[in-house]
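take this sequence and fold it.
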Amino acid sequence: MPCVMNRISIFVDGNNMFYAQQKNGWFFDPKRVLEYFKRDDITLINAFWYTGLKDPQDQRGFRDALISLGYTVRTKILKEYYDDSSGRYSQKANLDIEIVVDMFNTVDQYDRVILFSGDGDFERAIELLRSKNTHITVVSTEGMIARELRNATDRYIDLNDIREHIEKVDN
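As a prediction, the model looks like this:
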């Protein structure tokens, strides 16, 4: 009898998803995301949300809302980088390491990972998790998912394909 893979953990690369949602022209509701992936036969073990902050008070209301929904929120202060080629400054908070550490630190608790990111830097971590019989689903959007990541995953879901289930609707 095959094992039933019904324990999931969700990892949301908040900054990556912000740009994906901007590109698509609509935003998803973190609560609806949890509801969509937590079906009758599925137990949600963990949900992590990673985001860069301008300062410690940045996005406080949003972060508090995520925590009240059950997300574990990991943050890092944005760093400013100068790009020689464009002559512009950009801000970045790279939380890839935190995501990978949390994935491996909790690997015994889940059977399936839902990763909201299109970042190719996750390719090796995904390969290693799959070698431990973890089923990996990556959620991103066309033009924003790295070929390496899409190739390494068990299943790819385009945000636009699940829009009706997860889109933020104003009540």
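
and the next helix or strand past the longest strand seen in the chain?
Longest among the strand segments of the chain by residue count, using DSSP state E, is strand 43-53. Heading C-terminal from strand 43-53, the first helix or strand you meet, by DSSP states H and E, is helix 60-69.

that following helix: how far from the chain's middle?
16 Å (Cα atoms, centre = their mean, to the nearest Å).

count the neighbours of residue 98 for me.
Residue 98 has 17 neighbours, counted by other Cβ atoms under 10 Å. Backbone N, C-alpha and C define where each C-beta goes, glycine included.

er, residue 170 I mean
3.

one more: residue 131?
Counted by other Cβ under 10 Å, the residues lying close to residue 131 total 8.

repeat that for the one 3 residues further on.
Residues lying near residue 134 (other Cβ under 10 Å) number 18.

check residue 155 too.
11.

quick one: it from residue 128, how far?
Distance from residue 155 to residue 128, counting by Cβ to Cβ, to the nearest Å: 17 Å.

and for residue 36?
Relative to residue 128, residue 36 is positioned 27 Å away (Cβ to Cβ).

what does residue 116 give?
19 Å.

who has more neighbours, the two?
A direct count of neighbours by other Cβ under 10 Å for residue 116 and residue 128 places residue 116 higher, at 23 against 15.

phi, psi of that one?
Backbone torsions for residue 116, taken as degrees, to the nearest 10, come to phi -90, psi 90.

would you mind measuring from it to residue 100?
Taking Cβ to Cβ, one finds residue 116 at 14 Å from residue 100.

now residue 137
17 Å.

residue 114 too?
Distance from residue 114 to residue 100, by Cβ to Cβ: 15 Å.

neighbour count winner among these two?
Neighbours per residue, other Cβ under 10 Å: of residue 114 and residue 100, the larger number sits with residue 114, 22 against 18.

identify the bridge partners of residue 135.
Beta-bridge pairing for residue 135 (DSSP bridges): residue 112.

let me fix that: residue 48
When assigned by DSSP bridges, residue 48 has beta-bridge partners residue 11, residue 72.

tell me how many other residues crowd it.
Neighbour tally, residue 48, other Cβ under 10 Å: 23.

list the contacts of the helix or strand of the chain with the lowest mean pLDDT.
None of the helices or strands of the chain scores lower by mean pLDDT, DSSP states H and E than strand 88-92, at a mean of 86. By Cβ atoms under 8 Å, 6 or more residues apart in numbering, the residues outside strand 88-92 that reach it are 15, 52, 54, 78, 79, 80, 81, 82, 83.
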